[in-house]
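Asks: got a predicted structure plus its sequence, pasted below:
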Number of protein chains: 2
Amino acid sequence: VARTLKLVLEYDGTAYVGWERQKNGLAIQEVLEEAFWTIAGERVVVEGSGRTDAGVHALGQAASVVVERPLDLRKLRLGLNAVLPPDVSVISIDEAEAGFHARKSAKSKLYRYTILNDPARRPLWRHRAYHFPQPLDVSAMDEAARALEGTHDFTAFAREADRKKSCVRTILSAKVRAEPPFVHVELEGTGFLYNMVRIVTGTLIDVGLGKRAPADLARLIAQRSRAESGFTVPAHGLALVVVRYESAPAAPI
Amino acid sequence: VARTLKLVLEYDGTAYVGWERQKNGLAIQEVLEEAFWTIAGERVVVEGSGRTDAGVHALGQAASVVVERPLDLRKLRLGLNAVLPPDVSVISIDEAEAGFHARKSAKSKLYRYTILNDPARRPLWRHRAYHFPQPLDVSAMDEAARALEGTHDFTAFAREADRKKSCVRTILSAKVRAEPPFVHVELEGTGFLYNMVRIVTGTLIDVGLGKRAPADLARLIAQRSRAESGFTVPAHGLALVVVRYESAPAAPI
């Protein structure tokens, strides 16, 4: 009897081309499917909640898989973690209802971009936070971020290749908070464009430096011009924190 | 005119033989002295607050150095960080009074040992926390740890080679606290024996498993037998958090 399982995963994306299988290197999806083959003896497709890009981390990526054999879920988790590389781990496996799909069933995803905002590097965070030494005005950044909340055409924060398709997405919550020496940009949304969180963060850094006013974000969204928005910050500061399937927080009005 | 400087350092100890120069690999002290030579053009001795062992990290190691040339301290920090490897960073440099010595002037040091106490590994913490999957009773561990506070002969927690010298040390504070999925063992003291925090942590893990009663710690200290205490947990869970030079917290009565 086929069973649908929901997995929650943590990974260090440093060594990977991202979640999705690519020709130019190793993908997280690939090492998970290999681990299933080794432990469960089944060729399965592991569906993620969405792609994470090369070098991006996950604290709580979600995935779904349909298995045919009767498997003890605790033993399956222990077995998978025994054969997975040290930079990928299965945090939990639970039985899901038939038809559950990590991407299609997802209500929202929360991404966090971490900036180390201090003159000095922090070696223990070098793979997890983007070092930006100039002081940032976090409350201006937070004020600016609120303009992202709601349903908008985010062409201004889309890379070239994606600007022909619809760039309309819904952001449920956009916040910037200080946790010295770190500044976290947190976006929760029902969907994201490729590189969107990283272009938004680069634009918010301009606000934090006083190069742009907080009100600029609304103008940028309205103008729909990538050329007007900020730089793309590097991948290693980004992490997919959690994927929600039940109740997403109330959308702002 | 000679000036004495106080440095605060963060490092990822994974790739090093420890703070102190060794024949079998690279030491933190060594890379700092090389960086001083490159940037300041002076052959200096960088004195640490104490040794950290191979693989042990520091969030706030302190060091002192006497320099002859007039140096702008901000530029010196920037220069050192530009040439230091990515796993070592100078967080701050301040002028200290003549005679300041990172080890001799230190009032206390705080060490933290981090246990990942969860069935599943956490890839993003694999170099920072010791994975111990069986559930631990943190309040029993904390109760047990309190017996370490005060001035005692810690022979029970000393490695063979150190048992001929005095093993009397003063622990100002010993606490165990949960921050799920982590358990932190925090010891602040005026001095530590080699491997002491790691043997204490191994012994407290036995208490957390219910294999020993919390009252056992006082008995172990009194017995002064290494054979009776617990295993030495691995180095990668340990970090030197801060070195205090001004007022240490009041010693418990």
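Replies: On my side now, so go ahead. Numbering: from 1, shown residues only, chains lettered A, B, ... in the order given.
Asks: please count neighbours and contacts with C-alpha atoms only from this point.
Replies: Will do.
Asks: at the contact with chain B, which residues of chain A appear?
Replies: A:10-12, A:78, A:81, A:86-92, A:119-124, A:126 (Cα under 8 Å from any Cα of the partner chain).
Asks: same thing but at 10 Å, please
Replies: Contact residues, chain A versus chain B (Cα under 10 Å from any Cα of the partner chain): A:9-13, A:57-59, A:74, A:77-78, A:81-82, A:85-92, A:118-128.
Asks: what about the residues you listed, which are in helices?
Replies: A:74, A:77-78, A:81-82 (DSSP state H).
Asks: of those, buried ones?
Replies: Among those, those classed as buried by 16 or more other Cα atoms under 10 Å in any protein chain shown are A:77-78, A:81.
Asks: got those as a markdown table, with distance to residue B:21 columns?
Replies: Shown next, in a markdown table, are these (distance: Cα to Cα, whole Å):
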| residue | distance to residue B:21 |
| --- | --- |
| A:77 | 43 |
| A:78 | 40 |
| A:81 | 37 |
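Asks: take the residues you listed and write them to JSON lines, including pLDDT.
Replies: Formatted as JSON lines, these follow (pLDDT from 0 to 100):
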{"residue": "A:77", "pLDDT": "97"}
{"residue": "A:78", "pLDDT": "96"}
{"residue": "A:81", "pLDDT": "97"}
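Asks: stretch A:172-183: how far from the chain's middle?
Replies: 15 Å (Cα atoms, centre = their mean, to the nearest Å).
Asks: what of stretch A:126-137?
Replies: 18 Å.
Asks: what comes up buried for that stretch?
Replies: Buried, per 16+ other Cα under 10 Å, within stretch A:126-137: A:126-132, A:136-137.
Asks: so which of the residues you listed belong to strands?
Replies: Taking DSSP state E as the definition of strands, the buried residues of stretch A:126-137 contribute A:130-131.
Asks: from the buried residues of stretch A:126-137, pick the one nearest chain B.
Replies: Nearest to chain B among these is residue A:126, at 7.4 Å by Cα to the nearest Cα.
Asks: tell me the contacts of that closest one?
Replies: A:116, A:236-237, B:12, B:86-87 (Cα atoms under 10 Å, 6 or more residues apart in numbering or on different chains).
Asks: likewise residue A:79?
Replies: Neighbour list for residue A:79: A:35-36, A:38-40, A:73, A:90 [criterion: Cα under 10 Å, 6+ apart].
Asks: buried only: go through those for me.
Replies: Buried, going by 16+ other Cα under 10 Å: A:35-36, A:39-40, A:90, out of the contacts of residue A:79.
Asks: quick check: the farthest pair among those residues?
Replies: The span of the buried ones among the contacts of residue A:79, defined through Cα to Cα, is set by A:40 and A:90 at 14.4 Å.
Asks: where's the closest residue to residue A:185 other than its chain neighbours, which helix or strand?
Replies: Using Cα to Cα, 6 or more residues apart in numbering or on different chains and skipping the chain neighbours, the partner closest in space to residue A:185 is residue A:176 (4.5 Å). Element membership of residue A:176, judged by DSSP states H and E, is strand A:168-179.
Asks: mind listing what's buried in the helix or strand that comes right after that strand?
Replies: Sequence-wise, the next helix or strand downstream of strand A:168-179 (DSSP H and E) is strand A:182-189. Residues of strand A:182-189 classed as buried by neighbour count (16+ other Cα under 10 Å): A:182-189.
Asks: same thing with stretch A:8-24?
Replies: With the criterion 16+ other Cα under 10 Å, stretch A:8-24 contains buried residues A:8-14, A:16-21.
Asks: quick one: the residues you listed as JSON lines, columns for pLDDT too.
Replies: Formatted as JSON lines, the buried residues of stretch A:8-24 follow (pLDDT from 0 to 100):
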{"residue": "A:8", "pLDDT": "98"}
{"residue": "A:9", "pLDDT": "98"}
{"residue": "A:10", "pLDDT": "98"}
{"residue": "A:11", "pLDDT": "98"}
{"residue": "A:12", "pLDDT": "97"}
{"residue": "A:13", "pLDDT": "97"}
{"residue": "A:14", "pLDDT": "96"}
{"residue": "A:16", "pLDDT": "96"}
{"residue": "A:17", "pLDDT": "96"}
{"residue": "A:18", "pLDDT": "95"}
{"residue": "A:19", "pLDDT": "95"}
{"residue": "A:20", "pLDDT": "93"}
{"residue": "A:21", "pLDDT": "90"}
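Asks: before we move on, back to that, tell me the one of the buried residues of strand A:182-189 nearest chain B?
Replies: Nearest member of the buried residues of strand A:182-189 to chain B, counting by Cα to the nearest Cα, is residue A:182, at 14.1 Å.
Asks: any idea of the pLDDT on residue A:206?
Replies: Residue A:206 is assigned 97 on the pLDDT scale.
Asks: after the helix or strand hosting it comes which helix or strand?
Replies: Residue A:206 belongs to helix A:196-208 when assigned by DSSP H and E. Per DSSP H and E, the first helix or strand lying C-terminal to helix A:196-208 is helix A:216-223.
Asks: endpoints of stretch A:203-215, how far apart?
Replies: Stretch A:203-215 stretches 12 Å from its first residue to its last (Cα to Cα, to the nearest Å).
Asks: ignore the last one, stretch A:98-105
Replies: This stretch, stretch A:98-105, spans 11 Å end to end (Cα to Cα).
Asks: which residues are contacting it?
Replies: With contact meaning Cα under 10 Å, 6+ apart, stretch A:98-105 is reached by A:2-8, A:46-51, A:61-66, A:106, A:191, A:243-246.
Asks: and that stretch, what's buried?
Replies: By neighbour count with 16+ other Cα under 10 Å, stretch A:98-105 contains the buried residues A:100-103.
Asks: what of stretch A:40-55?
Replies: Using 16+ other Cα under 10 Å as the test for burial, stretch A:40-55 gives A:40, A:42, A:44-55.
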